[in-house]
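Okay, sequence plus prediction incoming.
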Amino acid sequence: MKSVYTIALISLFLFSNAQSGEIQYQPVKGYAFVGDDQDMCQLFYIIHDEKEWNALFRPYPGHYVKEITNIDWQKYNAIATVKTGKDAWRLEAKRLELDEGEFIFEYEAQKTDEGLGWKNATPLVIIAPKKNCRAVQFVENGRIVKKLHNFSSKRDY
């Protein structure tokens, strides 16, 4: 299974090596957000290495295959948003595009439950090939909600 996943990631990288246009990405499931508790209702991340990944996500108990541990962080980054608060969400990645040196990450967000009795964190994470980018735009339900600059640096938040 590991070799199939590795081949898929290599193919993803080779076929999406253009400087503009739609970029192939790999959605990630089976991980829970374990980053620092913050008062913000939505968090945004660009994850560059395993250390950053481990500080934010842990395998979620359940039936999902946890293949993210096999990622080649020299070739790929993770792009993530996390909805936090007393509501439950369904988040779904729709498209990743490279436009004039900026990633445009489009996704849908739908509130599925309100007023939970606990604090909830719903992550949406994708794995994308590293590109020569200067920013990532997060587009939620057709509206830009965040833009992170200096994509190639270690952090910008």
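Everything's here; your move.

Please, where are all the strands along the chain?
Counting by DSSP state E, the segments of the chain that form strands are 21-22, 26-28, 31-33, 42-47, 57-59, 76-85, 88-99, 102-113, 120-129, 135-140, 143-149.

Report the buried residues of the fifth one.
For strand 57-59, burial by neighbour count (16 or more other CB atoms under 10 Å) applies to F57. Glycine gets a C-beta too; all of them are placed from N, C-alpha and C.

ok, now the second one?
Buried positions in strand 26-28, judged by neighbour count with 16+ other CB under 10 Å: 26, 28.

helices or strands next to it in the packing?
With contacts defined as 3 or more CB pairs under 8 Å, 6 or more residues apart in numbering; DSSP states H and E, strand 26-28 has these neighbours: helix 2-15, strand 120-129.

hmm, try it at 6 Å
strand 120-129 (3 or more CB pairs under 6 Å, 6 or more residues apart in numbering; DSSP states H and E).

Same question for the shortest one.
Based on contacts counted as 3+ CB pairs under 6 Å, 6+ apart, there is no element that strand 21-22 packs against.

Quickly note the distance from the nearest residue to F33 once chain neighbours are set aside to I23.
Distances taken as CB to CB, 6 or more residues apart in numbering put A121 closest to F33, at 4.2 Å, once the chain neighbours are dropped. Using CB to CB, to the nearest Å, one gets 26 Å for the distance from A121 to I23.

show me where pLDDT drops low in this structure?
For the chain, the stretches with pLDDT under 70 are 1-20, 63-69, 150-157.

one step back: for the residue nearest to F33, which residues make a bridge with it?
Applying DSSP bridges to A121 gives these bridge partners: T84.

same check, this time on the one 4 residues further on
Here V125 sits in beta bridges with V28, A80, going by DSSP bridges.

Give me the neighbour count for it.
Using other CB atoms under 10 Å, V125 has 24 neighbouring residues.

Quick check: it vs I46, distance?
On the measure of CB to CB, V125 and I46 end up 11 Å apart.

got it, and E140?
E140 sits 16 Å away from I46, going by CB to CB.

Looking at the two, which is more packed in?
Neighbours were counted for E140 and for I46 using other CB under 10 Å; I46 has more, 23 against 18.

list the contacts for the more buried one?
By CB atoms under 6 Å, 6 or more residues apart in numbering, the contact list for I46 reads 77, 79, 148.

One more: F105?
With CB under 6 Å, 6+ apart, F105 has these contacts: 79, 96, 138.

7 Å instead, please
Taking CB atoms under 7 Å, 6 or more residues apart in numbering, we find F105 in contact with 79, 96, 136-139.
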